[in-house]
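Trainee: need coordinates for the below:
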Amino acid sequence: MSKKCQHIRLGPAAGGWASLSVDPFDMTMREVLRQLNEAAQPLYLVGGWVRDELLRLAPPRNADLAMPQGAVAFAQRMAQRLGGHCAPLDAAHGSARLVVQGPNGPHEIDCTDFRAPTLEQDLRLRDFTVNAMAYALPAWLAGRAELIDPLRGYHDLQAKRLRAVYPQAFHDDAVRILRGAVFAARFGLAIEPSTQAWMREAAPRLATVAAERSREELFKLFSVACAAPHLRTLDELGALEVLLPEIHACRGVEQGGYHHLDVWQHSLETLHQLEEILAHPERFPSELRRPLDDYLHQPVSSGHPRSALLKFAALLHDLGKPAKRCTDEAGQLHFNGHEHLGANLAAVIAERLRCSTDERQSLERIILWHLRPGYLIKLAERTRRALYRYFRDTGTDGPAVLLHWLADRAASQGPATHPDDMPGQRAVAHELLTHYFLRPEEVVRLPKLIRGDELMAELHLAAGPVIGELLRQIEEAQAERRVTTKEEALALAKQVVAQRR
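Mentor: Residues are numbered from 1 along each chain as shown. Okay, the predicted model is just below:
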């Protein structure tokens, strides 16, 4: 090992293993690592596990092991021994994932050959100094962990600094630009100036990154509580527009009226205001806080929480405004129909990033209906019919649309806005959220009075659109309490059919 390589002995105060409270899952992973250590091969814990332990965070649910050579064969042998399986990641460069099933889910251990002759040289090829640290696995298991830290990553952690390992790091893999924003957001790190300059220079190379990789990093960023300032950083570095070229048209587009920002800056401010709302559940009635939290953490698909998708929608919600901008005879600006065009553009972006169908449809619905709650607030009386139609159209995205709407309204005046300035908006949101979470049987998910096949049999109708329309009319009448029984539902259906003949 080179003399330049720092070895720091860590006691409990510095974040050694003995100082951590360990959950049962982690102990199970520890036992897996202990069995791997019995293979009589030099093994080193590297990367995220080391970083998170130093930060006194719960150890991640995967681990990275580096070894001089033979990683793929090692992972294959261990999979057979432990009853798991081995998935090659990059056989040409000696990388494979070992997956072993545990009582609380799978344990993933990525096994990788050194990318250089020595461990220190391998660490010098990683992305950021905070990820370029290692422990010798035997010493770590024995509680005598000596931190191998050739690039002073531990010092950077203490200084709350994110520093790239070498100038070409982002040219070698441009997705590291996005990962840098994720790490800065997750761990409260400031990206140091040289690293920002290297990111900016390499930003155009993000166009060459596989869409799936960029998407995953974006969703990791949206999943952090304070993503907004780091999205701004990516924007300032020129990275965001490479991934989302549609935002270019939004820059500098003035909105007039009560908007104090152009379209793009307003979108960024909407994201910020949304995170402010999500960070303060105490602003909601106590009975709504738990169901709302569960809703936001619910994965839409691919493990991405609904809150992350809602943030993505906030960033994209006004993409349709530039093309729909027009001025009336009085000189007033209008953006009629921008929500429809915006939903279409969001769908294009979702397809480009290889988002799932559920994610794409959710983005479309949030953006398409993001003005809808504003129409409800203008009603002298919010009838059960109006509430029913809102949830009929927005579906499971109804609460997300409400949260987005609150953020959008707050973003109109930006930092000058205070929650107490919007009592009407909050009242509408709380009313609809109460219906969705606490009284869904009234206007959200009505108990079915009659089935489509029963209508077909009773009315001698064939399957087709007319049956769906009859069921919708029955549901609407049910929401208005005009029908409450199967017999009344059938009578209404007969009346509608008779009027059409």
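Trainee: can you give me the distance of the residue nearest to residue 483 when sequence neighbours are not counted to residue 102?
Mentor: Spatial nearest neighbour of residue 483, excluding adjacent residues (C-beta to C-beta, 6 or more residues apart in numbering): residue 477 at 4.6 Å. In this view, the C-beta of every residue, glycine as well, is placed from N, C-alpha and C. Distance of residue 477 to residue 102, given as C-beta to C-beta, to the nearest Å: 53 Å.
Trainee: also residue 116?
Mentor: Taking C-beta to C-beta, one finds residue 116 at 33 Å from residue 102.
Trainee: who's more crowded, those two?
Mentor: Each of residue 116 and residue 102 has its neighbours counted (other C-beta atoms under 10 Å); residue 102 has more, 16 against 12.
Trainee: and that one, bridged to which residues?
Mentor: Per DSSP bridges, the residues bridged to residue 102 are residue 105.
Trainee: I'd assumed residue 30 was in contact with it.
Mentor: No - using C-beta atoms under 8 Å, residue 102 is not in contact with residue 30, being 11.0 Å away.
Trainee: what ranges in the protein fall below the confidence cut-off?
Mentor: For the chain, the stretches flagged by pLDDT under 70 are 1-27, 257, 413-421.
Trainee: how does it divide up, domain by domain?
Mentor: The chain breaks down into these domains under automatic domain parsing: 1-159, 160-243, 248-443, 452-500.
Trainee: need phi/psi at residue 100.
Mentor: Dihedral pair for residue 100: phi -120, psi 130, per degrees, to the nearest 10.
Trainee: excluding chain neighbours, what is closest to it?
Mentor: Nearest non-adjacent residue to residue 100, counting by C-beta to C-beta, 6+ apart: residue 84, 3.7 Å away.
Trainee: wait, that neighbour touches residue 96, no?
Mentor: No - counting by C-beta under 8 Å, residue 84 stays clear of residue 96, with 11.5 Å between them.
Trainee: what's the neighbour count on residue 467?
Mentor: Neighbour tally, residue 467, other C-beta under 10 Å: 18.
Trainee: contacting residues around residue 323?
Mentor: Going by C-beta atoms under 8 Å, 6 or more residues apart in numbering, residue 323 touches 249, 338, 341.
Trainee: tell me the one of the residues you listed nearest residue 331?
Mentor: residue 338 (19.0 Å; C-beta to C-beta).
Trainee: now that closest one: how far from residue 426?
Mentor: Distance from residue 338 to residue 426, counting by C-beta to C-beta: 25 Å.
Trainee: thinking again about what came up before, now that we have the contacts of residue 323, which one has the most neighbours?
Mentor: Counting neighbours by other C-beta under 10 Å, residue 338 comes out on top of these with 23 neighbours.
Trainee: next, find the distance separating the nearest residue to residue 160 once chain neighbours are set aside from residue 161.
Mentor: Once flanking residues are discounted, residue 160 sits nearest to residue 189: 5.4 Å by C-beta to C-beta, 6+ apart. Residue 189 sits at a distance of 6 Å from residue 161 (criterion: C-beta to C-beta).
Trainee: how close does the spatially closest residue to residue 113 that is not a sequence neighbour sit to residue 49?
Mentor: Excluding the flanking residues, the one nearest residue 113 by C-beta to C-beta, 6+ apart is residue 94, at 3.0 Å. Distance from residue 94 to residue 49, counting by C-beta to C-beta: 19 Å.
Trainee: is residue 233 in contact with residue 183, as I believe?
Mentor: No - taking C-beta under 8 Å as the definition, residue 233 is not a contact partner of residue 183, at 11.9 Å.
Trainee: the two: which is more packed in?
Mentor: Applying other C-beta under 10 Å to residue 233 and residue 183 shows that residue 183 carries more neighbours, namely 24 against 19.
Trainee: chain center to the helix or strand hosting that one, what's the gap?
Mentor: Per DSSP states H and E, residue 183 falls inside helix 175-187. Using C-alpha atoms, centre = their mean, to the nearest Å, the mean C-alpha position of helix 175-187 is found 14 Å from that of the whole chain.
Trainee: next, the buried residues of it.
Mentor: By neighbour count, with 16 or more other C-beta atoms under 10 Å as the criterion, the buried positions of helix 175-187 are 175-187.
Trainee: what is it packed up against?
Mentor: If contacts are counted by 3 or more C-beta pairs under 8 Å, 6 or more residues apart in numbering; DSSP states H and E, helix 175-187 sits against strand 161-162, helix 169-172, strand 190-191, helix 193-202, helix 211-222, helix 228-236.
Trainee: quick one, the last one and helix 175-187 angle?
Mentor: Computed with axes from the mean of the first three to the mean of the last three C-alpha atoms, to 10 degrees, the direction of helix 228-236 lies at 160 degrees from that of helix 175-187.
Trainee: give me the helices and strands touching helix 228-236, please.
Mentor: Counting contacts by 3+ C-beta pairs under 8 Å, 6+ apart, helix 228-236 packs against helix 175-187, helix 240-243, helix 263-278.
Trainee: what sits up against it?
Mentor: So helix 228-236 is contacted by 177-178, 181-182, 184-185, 191, 196, 221, 224, 240-241, 247, 268, 271-272, 275, 315 (C-beta under 8 Å, 6+ apart).
Trainee: how about the secondary structure of residue 112?
Mentor: Taking DSSP: H, G, I helix; E, B strand; the rest coil as the rule, one finds residue 112 in the strand state.
Trainee: ok, it - contacts?
Mentor: 64, 65, 66, 67, 71, 93, 94, 95.
Trainee: tabulate those (CSV), appending secondary structure.
Mentor: Output for these, formatted as CSV (three-state DSSP):
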residue, secondary structure
64, strand
65, strand
66, strand
67, strand
71, helix
93, helix
94, coil
95, strand
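Trainee: now the buried members of those.
Mentor: Applying 16+ other C-beta under 10 Å to the contacts of residue 112, the neighbour count classes 64, 65, 66, 67, 71, 94, 95 as buried.
Trainee: looking at those, which is nearest residue 356?
Mentor: For the buried ones among the contacts of residue 112, the nearest to residue 356 is residue 95 (26.4 Å; C-beta to C-beta).
Trainee: between the helices and strands packed on helix 175-187, which gets nearest to residue 452?
Mentor: Smallest distance to residue 452 across the helices and strands packed on helix 175-187 (C-beta to C-beta): 37.7 Å, for helix 211-222.
Trainee: any residues touching that closest one, and which ones?
Mentor: 175, 178-179, 181-182, 185, 206, 227, 230-231, 243, 304, 307-309, 311-312, 352-355.
Trainee: so the closest residue to residue 326 other than its chain neighbours versus residue 321, what's the distance?
Mentor: Spatial nearest neighbour of residue 326, chain neighbours left out: residue 334 (5.4 Å); criterion: C-beta to C-beta, 6+ apart. Distance of residue 334 to residue 321, given as C-beta to C-beta: 10 Å.
Trainee: tell me which of those two has more neighbours.
Mentor: Taking neighbours as other C-beta under 10 Å, residue 334 and residue 321 compare with residue 321 leading, 24 against 13.
Trainee: so who does the more buried one touch?
Mentor: By C-beta under 8 Å, 6+ apart, the residues touching residue 321 are 250, 253, 255, 263, 335, 338, 342.
Trainee: which ChimeraX command selects the buried ones in the residues you listed?
Mentor: Per 16+ other C-beta under 10 Å, the buried members of these correspond to this ChimeraX selection:
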select :250,253,255,263,335,338,342
